[in-house]
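K.L.:
Quick one: sequence plus predicted model below, questions after.
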Amino acid sequence: MKKQPWIRGDGVDRKEFMTILGRRRCAELGLENVEIVTGTVTDTHLPDKALDLVVMVNVVHCLADPIALLKNVAASLKTDGQVAVVEGNLDKDPSAAGEWFSRARLLGIFDAAGYVLVRQDASLPQDNIYLLKKREQGSVTSLQERAS
């Protein structure tokens with residue numbers, strides 16, 4: 001992101017010390033056009049209708065209310081914006097019960113938050129990558145129906 005004004009990165013963490021570390025690391029790497037803020041599930045501090053892609057790595061299973069966060073993230077997406085979610089898959093590693101979610105549960109969360117599945121990549125050893133977009137208004141097709 002050095003000297004490329006058309007690229008912008010926004011980072012959000014719920015812990016202030018992590019945002020400080022993130023800013024410091026960006027400065028060390030000489031990254032410009034990166035803003036890292038402290039946010040919450042209900043207030044991400046992401047700009048409205050401005051982002052092409054939101055990437056969430058091992059976040060959903062850590063939240064008490066992942067649906068609320070995903071709904072709030074939707075407000076930051078451009079019309080054709082997408083969300084990439086990387087999550088451990090309980091179906092691949094049953095010993096992670098109590099931490100990771102099954103694929104079916106994740107699809108239910110995404111659906112309840114108003115997303116449709118664009119693509120899924122299950123090639124990682126323990127994680128799946130889900131590419132999502134906002135469900136079009138008036139669409140009643142559930143994400144689980146599309147995925148089967």
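P.N.:
It's in.

K.L.:
how close does residue 125 get to residue 89?
P.N.:
Distance, residue 125 to residue 89, using C-beta to C-beta, to the nearest Å: 10 Å. All C-beta spots, glycine's among them, are computed from the backbone N, C-alpha and C.

K.L.:
More neighbours: these two, which one.
P.N.:
residue 89 (18 against 7; other C-beta atoms under 10 Å).

K.L.:
Counting residues, which strand of the chain comes out longest?
P.N.:
For the chain, the strand that runs over the most residues, judged by DSSP state E, is strand 77-88.

K.L.:
From the contact counts, what lies against the very next helix or strand once past it?
P.N.:
For strand 77-88, the following helix or strand on the C-terminal side (DSSP states H and E) is helix 103-112. Judged by 3 or more C-beta pairs under 8 Å, 6 or more residues apart in numbering; DSSP states H and E, helix 103-112 is in contact with helix 66-74, strand 77-88, strand 115-121, strand 127-134, helix 143-147.

K.L.:
now the ones you listed in a markdown table, with mean pLDDT and mean neighbour count?
P.N.:
Listed next are these as a markdown table, based on pLDDT from 0 to 100; neighbours: other C-beta atoms under 10 Å:
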| stretch | mean pLDDT | mean neighbour count |
| --- | --- | --- |
| helix 66-74 | 94 | 20 |
| strand 77-88 | 94 | 17 |
| strand 115-121 | 97 | 16 |
| strand 127-134 | 95 | 20 |
| helix 143-147 | 50 | 15 |
